[in-house]
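Peer 1: Dropping the sequence and predicted coords here.
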Amino acid sequence: MICEATSLKKYIEKSPSFFFLLGPEIVLKNYSVDLINRFYKQSGYSEKRFIFEKDFKNIEQILIENANGSLFGSKTVIEIIHTSGKIPKEITNIFEMPNISNMKNIAVIIRSSIEKINKSTKWVTKMDQSCLIVQCNKLKSFEESAWIKEQLKFMNEKDAENYSKRIMDVYSGNMVAQNNEINLLKLTYSRDEDNQAISSDDAEFLPYELENKIIELNTHYALRIAKSIKKNDDHYGPLLVYIMGKIINTAVAAHQNKNKNSSLEKSGIWKSKIPAYINFIKCNALKKIMPLQKKIYELDLASKGLAGITKDQFWQEIDNLIIELTTA
């Protein structure tokens, strides 16, 4: 059975517990994986396991062992990560297993880097009998618009309509950037009419300006922005953590890619910002910036009141991180 990623909700409950994700649109792959994981978590699957390339030779053994259930009867979602090249035999052989339809304690997500399949090939025909094939293709304009509106359901109808139009106007064809905008809105949007100014263009300017000043290595200006937000809108704390986390994760990904420009484009960075990001990356070596991912995780917990630090300590850590990111 084959479906488009945007239609996955209609098929997930009726499908076998094996899923094969392919296609060029990374956002739809992430969306599909999250949707499958949520569905099975709600269905009582409490364990999660990943199989990377180095363990492909043990795939069948891992599936059989987990299909028997744990000592405590827990069920497991297994995600198989295929990152490059043709589909290896270790994966296609899964669908030759005689008891595949009787594996009741596992759900398997095969996340593949391939973009297309030939439906007439033997392994695809075999897979189609016991697996839901999810195609994560680039969307047409009207499909993008519908997808954005679906993601903005946390808003009232009028706001969702306005924001979906604005996101489409600015980020048409770039689902990574669209998804980033939606995540920002989830942090800042309020249904309370008295607080709608939170989501206005003026209020959103400062977070975007913080990103600009950090990648421009302008320590003084970036600290002024953070201090202004702390004084006037301290509820933006989680948003600042998100912004800096995006910068750090984007830089780490670019460091690990030979073509940094391509990596930045795939991360949703505007072309006009790429030169500043390239310079920022040169000034922040991988060994310096990678440990900051842990700091972002800690600040995220702190912003939710889960780290046992005071508000003043939280904002001091924000300042410290800004200084670290903007100084060589």
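Peer 2: All right, it came through fine.
Peer 1: Pull out the buried positions in the longest helix anywhere in the chain.
Peer 2: Looking across the chain with DSSP state H, the single longest helix is helix 237-255. For helix 237-255, the neighbour count (16 or more other C-beta atoms under 10 Å) marks 237, 239-248, 250-252, 254-255 as buried. The way it works is simple: take the backbone N, C-alpha and C, and place the C-beta from them, glycine included.
Peer 1: Closest to residue 130 out of the residues you listed?
Peer 2: Residue 130 lies nearest to residue 252 out of those, by C-beta to C-beta, at 37.4 Å.
Peer 1: Wait, the closest one touches residue 294, no?
Peer 2: No: applying C-beta atoms under 8 Å as the test, residue 252 and residue 294 come out as separate, 11.7 Å apart.
Peer 1: after the worst-scoring helix or strand of the chain on mean pLDDT, next one along is what?
Peer 2: Within the chain, confidence by mean pLDDT, DSSP states H and E is lowest for helix 201-215 among all helices and strands, at a mean of 65. Next along the chain after helix 201-215, taking DSSP states H and E as the criterion, comes helix 219-232.
Peer 1: Could you pull out the buried residues of that following helix?
Peer 2: For helix 219-232, the neighbour count (16+ other C-beta under 10 Å) marks 219, 222-223, 225-226, 229-230 as buried.
Peer 1: What of stretch 309-328?
Peer 2: Of the residues in stretch 309-328, 314-315, 317-318, 321-322, 325-326 count as buried by neighbour count, 16+ other C-beta under 10 Å.
Peer 1: can you give me the strands in this protein?
Peer 2: 2-4, 18-22, 45-51, 75-82, 106-112, 132-135 (DSSP state E).
Peer 1: just checking, what packs against the longest one?
Peer 2: In terms of contacts (3 or more C-beta pairs under 8 Å, 6 or more residues apart in numbering; DSSP states H and E), strand 75-82 is packed against helix 26-42, strand 45-51, helix 59-67, strand 106-112.
Peer 1: now that strand and strand 106-112, what's the angle there?
Peer 2: Angle, strand 75-82 to strand 106-112, by axes from the mean of the first three to the mean of the last three C-alpha atoms, to 10 degrees: 20 degrees.
Peer 1: Can you give me the buried ones in strand 75-82?
Peer 2: Under the neighbour-count criterion of 16+ other C-beta under 10 Å, strand 75-82 has 75-80, 82 buried.
Peer 1: do the third one as well
Peer 2: For strand 45-51, the neighbour count (16+ other C-beta under 10 Å) marks 45, 51 as buried.
Peer 1: got it, and the shortest one?
Peer 2: By 16+ other C-beta under 10 Å, the buried positions in strand 2-4 come out as 3-4.
Peer 1: cool, and the fifth one?
Peer 2: By neighbour count with 16+ other C-beta under 10 Å, strand 106-112 contains the buried residues 106-112.
Peer 1: Between the residues you listed, which sits nearest residue 34?
Peer 2: residue 109 (10.6 Å).
Peer 1: wouldn't that closest one be in contact with residue 35 here?
Peer 2: No: the pair residue 109 / residue 35 is not scored as a contact, 10.4 Å apart, by C-beta under 8 Å.
Peer 1: per-residue confidence for residue 112?
Peer 2: Note on residue 112: pLDDT of 92.
Peer 1: Okay, and the beta partners of it?
Peer 2: residue 82 (DSSP bridges).
Peer 1: Can you report phi and psi for residue 131?
Peer 2: Main-chain dihedrals, residue 131, degrees, to the nearest 10: phi -150, psi 150.
Peer 1: List the residues that contact it.
Peer 2: Contact partners of residue 131, counting by C-beta atoms under 8 Å, 6 or more residues apart in numbering, are 1, 16, 18-20, 95, 110.
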